[in-house]
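J.: Here's my sequence, what's the structure:
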Amino acid sequence: MKILLVEDDIEISEMLKNFLLTENFEVVTAYDGESACNSFFADEYSLVLLDLMIPKRSGMEVMKIIREKSTVPIMILSAKDTDSDKTLGLGLGADDYVTKPFSVTEVLARIKANIRRSTQYTASAAKDEKEQAVFRKGQLVLNTEDFSVCKSGQRVELTAKEFEILQLLMKHPKKGYTKEQLYASVWKDVYIGDENAVNVHISRLRNKIEDNPRKPQYIVTVWGIGYKLGDMD
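T.: Below you'll find the predicted structure:
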C-alpha cells in the first residue's frame with residue numbers, strides 16, 4: 001500500500017516515513033502543496049497524510065483539489081486543534097484529523113483503519129445470497145455489492161464514510177440514530193473526539209443527494225435525537 005506524505009517539517013516527515021516503511025508501507029514524500037498535487041495525480045495511493053500549513057499551496061487547497069477527482073482517504077496532520085479547524089478540514093473532505101504532537105502508533109492505527117474502511121467500500125465483496133444487496137428510497141438506489149449510489153440514474157460519488165452513513169440509514173429506514181450511535185457505527189476504532197465529524201459528514205452527504213440540502217428529504221433531522229431516513233416513497 002502506498003501513502004502520500006505531505007509534510008514540510010523534514011524531521012517529522014522522515015520520522016513518519018521511516019516508521020511507515022518498517023510497517024511495510026510504500027511512502028512518497030512531498031514538502032509543499034504544489035509538489036503534493038503533482039505527486040498525487042502522477043500515481044495511485046491508498047491514503048494521503050496531509051499537513052495543513054505547507055508552502056505554495058495550503059493543505060486545505062490541496063485537499064479540495066484531490067477531492068474534486070478522488071475519494072482516497074485523507075488524514076490531516078495539524079498543530080491546529082480547535083473545533084473550527086477540525087470542522088473545516090472535515091467539511092472539505094478529510095476522513096480523519098490528527099493533532100500534533102502525535103503518537104506514531106496512533107497514526108498507524110488510524111491509517112490502517114481508514115485504509116481498511118476504504119478498501120471495504122471500493123472493492124466488491126461476496127455477499128450472502130439471502131442478504132438484501134440493493135436498497136431504494138425515492139430516486140436513490142444504494143447497492144452494497146458494487147458499493148454504488150445512484151440518484152435518478154446518475155452515479156453519486158461518495159467517500160467511504162458517507163457511503164457507510166447512508167447505508168446504515170437505508171438498511172434501517174424506520175430507525176432514528178443519535179450522533180453518538182452514528183459515530184460508533186461508522187468511525188468504530190478511529191477516534192476523532194467530537195460530534196462535529198458526524199454533523200459535517202451529514203452535511204456533505206446531503207449536498208450530494210438532496211434536491212435542496214436546506215430542506216432535506218432523504219436524511220432528515222429528528223429533533224432531540226439525531227437523524228433518520230425520510231418517509232418519502
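J.: Surely residue 224 is within a helix?
T.: No - applying DSSP: H, G, I helix; E, B strand; the rest coil, one finds residue 224 to be coil, outside a helix.
J.: how close does it sit to residue 102?
T.: 36 Å (Cβ to Cβ, to the nearest Å). The way it works is simple: take the backbone N, C-alpha and C, and place the C-beta from them, glycine included.
J.: Residue 72: how many residues sit nearby?
T.: Around residue 72 there are 22 other residues, counting by other Cβ atoms under 10 Å.
J.: higher neighbour count, residue 224 and residue 102?
T.: Between residue 224 and residue 102, counting by other Cβ under 10 Å, residue 102 is the more crowded of the two (14 against 7).
J.: Correct me if wrong: that one contacts residue 75.
T.: No - using Cβ atoms under 8 Å, residue 102 makes no contact with residue 75, being 10.5 Å away.
J.: How is residue 135 assigned, secondary-structure-wise?
T.: At residue 135 the chain is in strand, as set by three-state DSSP.
J.: Now for it: which residues touch it?
T.: Listed by Cβ atoms under 8 Å, 6 or more residues apart in numbering, the contact partners of residue 135 are 141-144, 167, 170-171.
J.: again with residue 230
T.: When contacts are counted by Cβ under 8 Å, 6+ apart, residue 230 touches 137-138, 216-220.
J.: List just the nearest of the residues you listed to residue 10.
T.: Nearest to residue 10 among the contacts of residue 230 is residue 219, at 43.5 Å by Cβ to Cβ.
J.: Surely that closest one is in contact with residue 227?
T.: Yes - look at residue 219 against residue 227 with Cβ under 8 Å: they come within range, at 5.7 Å.
J.: and residue 22, how far is that from residue 164?
T.: Taking Cβ to Cβ, one finds residue 22 at 30 Å from residue 164.
J.: what's the burial count for residue 184?
T.: Look at residue 184: counted by other Cβ under 10 Å, it has 11 neighbours.
J.: For the host helix or strand of it, give me every contacting residue.
T.: Using DSSP states H and E, residue 184 maps to helix 179-186. The contact list for helix 179-186 (Cβ under 8 Å, 6+ apart) reads 161, 164-165, 168, 177, 192, 195, 197-199, 201, 226-227.
J.: let's see it at 6 Å
T.: Under the contact criterion Cβ atoms under 6 Å, 6 or more residues apart in numbering, helix 179-186 has outside partners 161, 164-165, 168, 195, 198, 226.
J.: Using PDB, write out every CA atom in the following helix or strand past it.
T.: Sequence order places helix 196-209 as the next helix or strand after helix 179-186, per DSSP H and E. Provided in PDB are the C-alpha atoms of helix 196-209 (Å, rounded to 0.1, in the frame of the first residue of the first chain):
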ATOM      1  CA  ASN A 196     -18.700  17.700  14.600                       C
ATOM      2  CA  ALA A 197     -17.400  14.800  12.500                       C
ATOM      3  CA  VAL A 198     -21.000  13.400  12.200                       C
ATOM      4  CA  ASN A 199     -22.500  16.800  11.500                       C
ATOM      5  CA  VAL A 200     -20.000  17.700   8.800                       C
ATOM      6  CA  HIS A 201     -20.400  14.300   7.000                       C
ATOM      7  CA  ILE A 202     -24.200  14.500   7.100                       C
ATOM      8  CA  SER A 203     -24.000  18.000   5.600                       C
ATOM      9  CA  ARG A 204     -21.700  16.800   2.800                       C
ATOM     10  CA  LEU A 205     -23.900  13.800   2.200                       C
ATOM     11  CA  ARG A 206     -27.000  16.000   2.000                       C
ATOM     12  CA  ASN A 207     -25.200  18.300  -0.500                       C
ATOM     13  CA  LYS A 208     -24.700  15.300  -2.800                       C
ATOM     14  CA  ILE A 209     -28.000  13.500  -2.600                       C
END
